[in-house]
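K.L.:
3D, please:
(4 chains)
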Protein chains: 2
Amino acid sequence: MAEGLRERKKRETRQRISDIATGLFLERGFVTVTIAEVAEAADVSVNTVYNYFPAKEDLFFDRSAGVVEQLSRWVRARDEGESAARAVLREMRAEAEAVSPRLGLMEGYDRFMRVIHEAPPLRSRLWSLQQEIHDHLEATLREEAGACAGDPLPGLIAGQIAWIHQTVFVAVGREMLKGRNPGEVSREMLVLLDDIEELLSEKVLNYAVRGVE
Amino acid sequence: MAEGLRERKKRETRQRISDIATGLFLERGFVTVTIAEVAEAADVSVNTVYNYFPAKEDLFFDRSAGVVEQLSRWVRARDEGESAARAVLREMRAEAEAVSPRLGLMEGYDRFMRVIHEAPPLRSRLWSLQQEIHDHLEATLREEAGACAGDPLPGLIAGQIAWIHQTVFVAVGREMLKGRNPGEVSREMLVLLDDIEELLSEKVLNYAVRGVE
DNA sequence: CTGAAATTTTGGAGCCATTGCAAAATTTAA
DNA sequence: TTAAATTTTGCAATGGCTCCAAAATTTCAG
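P.N.:
Predicted structure coming up:
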């Protein structure tokens, strides 16, 4: 299980590039920082940057691993007698209550948001992330509900659940961008989650209820 | 009200560039066709292309004017006693029943979809279009419902209604991409719209009901 | 009709993201 | 210690996009 020098170096190099890039982006914005600058600051060649990161946006979103599967995990881990949507609502409430950085409830997240806000390529990347989340969740729901391939319901429910998630994320981003403090926003998100739940139909809230084992 | 030579020429040039570009894209895909080729085929300089179209994607989506305001228009034109969501559902059913090209229910839409499917920048542009639709609708709902600035409901309802719209559009695109014929897809979309309506809560379906005049 | 003013078109130079390729440099393993 | 595997690098090129100043074209006043 020993890790060779080569692999350690690769990991370190990759991390260094990512860190330095993120630092530069937070400081001066996404568009104004060039890949060449990142490379120079990280003391590697431009090609090496591209060896690790397929595109400039990947330098910024390097920390968001596992986000795509998050909703699916929550659904798979739902309690007995609990539906997919209710599991997600419960987990999101927990994140909000815990003032979780994963939700963006942390000091300095406003600078992070500002960079995204001002860079169309980054926003576009976020949308494509949402798409991935949706598709992943749809597949999970299809399995968990035992639906056949032609059934449109898993897709529709996935759409509703992904919408919950996205709505809260956007709201957090918007509020943090205004310079609000995490604790305040946290409480608002709990209210928002209640509002959202009230808007959902029983059909959505009761889809894919886990039976007794 | 006479139109000068100058303005006619501008309109013609713009149209010629757009037409030729779309033709080339449909024939050979979005990424492989360069702006230089479009310019040469349209017998203008590259700079002239950029005079009319801020970015390459605008050459492709030039025909989609007014799409952003569509949902808002439908909501504003809702009948007495009809809610925003029900108005949109009714209009979308009408579009589906009419096998409307605006929904993508037309011969050759599969080639159109294929170009989009294979070009990330075009997909990304569609997402940003969705975003605009949502924001426009949210503003409209806020007005029509007389909600105050802090009320989160117009935003949430706009999210749900925009989701209806998007879901149908995506479904049409997916089916047409498979080579299905418009009439068939039209009928499926009517079923899908029923499925969607069943998933919506009364709160969504009864938001912003127009009172008797 | 004529020339100046306004507007459009164009050429050219340049920046930057991204790709491809082949030559170093480095690490591994025999 | 050397050959093989892998990573890093330099170099060249493509294509989207911007900026700028010089033509070319159209409008309009006199």
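
K.L.:
and A:R78, how many neighbours?
P.N.:
20 (other C-beta atoms under 10 Å in any protein chain shown). Using the backbone N, CA and C atoms, a C-beta is placed for each residue, glycine as well.

K.L.:
Please apply the same query to A:D79.
P.N.:
Residues lying near A:D79 (other C-beta under 10 Å) number 11.

K.L.:
For it, list the residues it contacts.
P.N.:
A:A87, A:R210 (C-beta atoms under 8 Å, 6 or more residues apart in numbering or on different chains).

K.L.:
Double-check that it belongs to a strand.
P.N.:
No - read with DSSP: H, G, I helix; E, B strand; the rest coil, A:D79 is coil and lies in no strand.

K.L.:
I'd like the distance between it and A:V204.
P.N.:
A:D79 is 18 Å from A:V204, where distance means C-beta to C-beta, to the nearest Å.

K.L.:
Same question for A:F61.
P.N.:
30 Å.

K.L.:
Name the residue in these two with the higher neighbour count.
P.N.:
Neighbour tally, A:F61 and A:V204, criterion other C-beta under 10 Å: the higher count belongs to A:V204, 23 against 18.

K.L.:
Which pLDDT does the model give that one?
P.N.:
pLDDT, A:V204: 98.

K.L.:
same thing with the one 3 residues further on?
P.N.:
At A:Y207 the predicted local confidence, pLDDT, stands at 98.

K.L.:
Run through the residues that contact it.
P.N.:
Contact partners of A:Y207, counting by C-beta under 8 Å, 6+ apart, are A:S83, A:A84, A:A85, A:L141, A:A145, A:L153, A:I157.

K.L.:
what about the closest residue to it other than its chain neighbours, helix or strand, and which?
P.N.:
Nearest residue to A:Y207 in three dimensions, chain neighbours excluded: A:I157, at 4.8 Å (C-beta to C-beta, 6 or more residues apart in numbering or on different chains). Element membership of A:I157, judged by DSSP states H and E, is helix A:153-177.

K.L.:
Residues of chain A that sit close to DNA strand C?
P.N.:
By C-beta under 7 Å from any atom of the strand, the part of chain A that sits against DNA strand C consists of A:4-7, A:9, A:33-36, A:46-47, A:50, A:54-57.

K.L.:
Could you tell me how far the residue nearest the centre of chain A is located from A:R125?
P.N.:
Among the residues of chain A, the one closest to the centroid is A:V67, at 4.3 Å (C-alpha atoms, centre = their mean). Computed as C-beta to C-beta, the A:V67 to A:R125 distance reads 12 Å.

K.L.:
now A:A96
P.N.:
Counting by C-beta to C-beta - A:A96 and A:R125 are separated by 24 Å.

K.L.:
so does the lowest-mean-pLDDT helix or strand in chain A get close to DNA strand D?
P.N.:
Using mean pLDDT, DSSP states H and E, helix A:5-28 stands out as the lowest-scoring helix or strand of chain A, at a mean of 95. Yes - judged by C-beta under 7 Å from any atom of the strand, helix A:5-28 comes into contact with DNA strand D at A:R6, A:K9, A:K10, A:T13.

K.L.:
Closest one to DNA strand D out of the residues you listed, please.
P.N.:
Within those, the smallest distance to DNA strand D is 4.4 Å, found for A:T13 (C-beta to the nearest atom of the strand).

K.L.:
Quick one: end-to-end distance for stretch A:31-51.
P.N.:
21 Å (C-alpha to C-alpha, to the nearest Å).

K.L.:
does chain B sit close to that stretch?
P.N.:
No - using C-beta under 8 Å from any C-beta of the partner chain, stretch A:31-51 stays clear of chain B, with a minimum separation of 14.3 Å.

K.L.:
Any stretches of chain A with poor pLDDT?
P.N.:
A:1-3, A:5, A:213 (pLDDT under 70).

K.L.:
For chain A, which residues are neighbours of chain B?
P.N.:
Residues of chain A found near chain B (C-beta under 8 Å from any C-beta) are A:120, A:123-124, A:127-128, A:131, A:152-153, A:155-157, A:159-160, A:163, A:167, A:171, A:192, A:195-196, A:198-204.

K.L.:
List the buried residues in stretch A:166-181.
P.N.:
A:Q166, A:T167, A:V168, A:F169, A:V170, A:A171, A:V172, A:G173, A:E175, A:M176, A:L177 (16 or more other C-beta atoms under 10 Å in any protein chain shown).

K.L.:
Kindly indicate which of the residues you listed lies nearest DNA strand D.
P.N.:
Closest approach between the buried residues of stretch A:166-181 and DNA strand D, by C-beta to the nearest atom of the strand: A:L177, at 24.4 Å.

K.L.:
for that closest one, what are its contacts?
P.N.:
Residues near A:L177 by C-beta under 8 Å, 6+ apart: A:D110, A:M113, A:R114, A:H117.
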